[in-house]
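Peer 1: okay, structure incoming, though there's no sequence with it:
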């Protein structure tokens, strides 16, 4: 929690009036930070970039996320930089531990995303971005033990389309995202990449749908398909329902209920998700 | 998850029910007609005058004319009983080189203006949706 407090302090102190600093997007249109550190919903990376920068601006943000399911705890924190609403770079550290024991796995994720078309609000067609998430597993013992083919690192590639429809739902703004991810990752990469059942890239579908109830409150649902590469235990798709509170362009807070399915033989891993993102400029 | 999904669906259906009550009125009526449009416009001009960066673009603007034409335009796009007699958006913004950031900043000022005029969130969204297609004629000319 000390980390979270530090981040919150930084955010409160951050100057938001610099001319080149990102404030040139409409509130709520920068999305929040997804579990691997990219701009998105909670589980799904969106086509949006991490920050409120427009074409002449840059922005930087930090985030911390915690998911607590029945048997596991996933902690994710990091930062992202966005340049001219065109390129996003992110670095994230994840730790995953079994609540009952002291066992812990950690992983670093480096992300890059490029906006290739459009504007989430103003273009006729959805904003489209392509991205990659390079994942480096720091503790390979478990990945090795469960039969992952590659237990050092792996890279996910994705194509995301996101669109906001102004006043589309009885006057409320509606945001949706569809993402296709090419991946070999077992449980987000925490259990390595590829396995005895499958060791090639598969395309997974992911999606989010959110209603913006006010300028600062969004309610949404998400779904994320996951591969099932390992014979030793079934891996299931993930889903969540979230409320994002976005009071200003300096920070946002997302609270969700997440269903990660079965993880390493422990069924029905559901629980609360809390995430805080702060924008430094 | 199923319970949650049905809750969400239920909320949507309830919202749909509320909406059908006043679907025949124009956006102009929903806004509150001319008095509210005038209030939005005056608030907007006030907001702009306090924003250094945006105000710079209005240095050579005749504010009386701007006010009159903007009222016409807001009335017109919301299906009110007005004709817009001003110049096209493309002509007006020629050589101004308005950036995307400035455009979005100005939308924020318009939202402030609507908040001050007491325009409901959903009505604000509908008006912004009507104005949004003008963006390509406004930025980077």
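Peer 2: Sure thing, it's come through. Please read all numbers here as calculations on a predicted model, not as lab measurements.
Peer 1: all contacts plus neighbour counts: C-alpha atoms, from now on.
Peer 2: Noted.
Peer 1: from the chain's centroid, how far away is the helix or strand containing residue B:125?
Peer 2: Secondary structure assignment for residue B:125, by DSSP states H and E: helix B:121-131. From the chain centre to the centre of helix B:121-131 is a distance of 6 Å (Cα atoms, centre = their mean, to the nearest Å).
Peer 1: next one: stretch A:136-156
Peer 2: For stretch A:136-156, the distance to the chain centre is 20 Å (Cα atoms, centre = their mean).
Peer 1: how about stretch B:127-141?
Peer 2: Worked out by Cα atoms, centre = their mean, stretch B:127-141 lies 10 Å from the chain centre.
Peer 1: and that stretch, what's buried?
Peer 2: B:127, B:129, B:135, B:138-139 (16 or more other Cα atoms under 10 Å in any protein chain shown).
Peer 1: what of stretch B:46-63?
Peer 2: Of the residues in stretch B:46-63, B:47-48, B:54 count as buried by neighbour count, 16+ other Cα under 10 Å.
Peer 1: let me have the residues you listed in CSV, adding distance to residue A:69 as columns.
Peer 2: Listed next are the buried residues of stretch B:46-63 as CSV, based on distance: Cα to Cα, whole Å:
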residue, distance to residue A:69
B:47, 47
B:48, 49
B:54, 49
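Peer 1: tell me which of the residues you listed fall in helices.
Peer 2: Mapping the buried residues of stretch B:46-63 onto helices (DSSP state H) picks out B:47-48, B:54.
Peer 1: could you list which of those residues also contact chain A?
Peer 2: By Cα under 8 Å from any Cα of the partner chain, no member of these lies near chain A.
Peer 1: where's the closest residue to residue A:131 other than its chain neighbours, which helix or strand?
Peer 2: Spatial nearest neighbour of residue A:131, excluding adjacent residues (Cα to Cα, 6 or more residues apart in numbering or on different chains): residue A:113 at 4.0 Å. Using DSSP H and E, residue A:113 sits within strand A:104-117.
Peer 1: how near is residue A:258 to residue B:46?
Peer 2: 45 Å (Cα to Cα, to the nearest Å).
Peer 1: should've said residue A:38
Peer 2: The gap separating residue A:38 from residue B:46 is 38 Å, by Cα to Cα.
Peer 1: residue A:148 too?
Peer 2: Going from residue A:148 to residue B:46 by Cα to Cα gives 63 Å.
Peer 1: same deal with residue B:39?
Peer 2: 11 Å.
Peer 1: give me the nearest residue to the most centrally placed residue in chain A, chain neighbours excluded.
Peer 2: Geometric centre of chain A, nearest residue: residue A:34, 1.5 Å, by Cα atoms, centre = their mean. Leaving out its chain neighbours, the residue that sits closest to residue A:34 by Cα to Cα, 6+ apart is residue A:42, at 4.2 Å.
Peer 1: for the closest residue to chain B within the stretch 101-250 of chain A, give me its contacts.
Peer 2: Residue nearest to chain B within the stretch 101-250 of chain A: residue A:171 (4.2 Å; Cα to the nearest Cα). With contact taken as Cα atoms under 8 Å, 6 or more residues apart in numbering or on different chains, residue A:171 is in contact with B:121-123, B:125-126.
Peer 1: and with 7 Å instead?
Peer 2: Going by Cα atoms under 7 Å, 6 or more residues apart in numbering or on different chains, residue A:171 touches B:122-123, B:125-126.
Peer 1: within reach of chain A, which of those residues are there?
Peer 2: B:122-123, B:125-126 (Cα under 7 Å from any Cα of the partner chain).
Peer 1: which parts of chain A are helices?
Peer 2: A:2-13, A:141-145.
Peer 1: show the average pLDDT along the longest one.
Peer 2: Helix A:2-13 comes out with an average pLDDT of 41.
Peer 1: again with stretch A:59-78
Peer 2: The average pLDDT within stretch A:59-78 is 97.
Peer 1: ok so, going back, what's the closest of the ones in helices among the buried residues of stretch B:46-63 to chain A?
Peer 2: residue B:54 (12.3 Å).
Peer 1: report the separation between the closest one and residue B:107.
Peer 2: 11 Å.
Peer 1: same question for residue A:106.
Peer 2: 43 Å.
Peer 1: who's the closest residue in space to residue A:86 that isn't next to it in sequence bridged to?
Peer 2: Nearest residue to residue A:86, sequence neighbours excluded (Cα to Cα, 6+ apart): residue A:115, at 5.1 Å. Beta-bridge partners recorded for residue A:115 (DSSP bridges): residue A:129.
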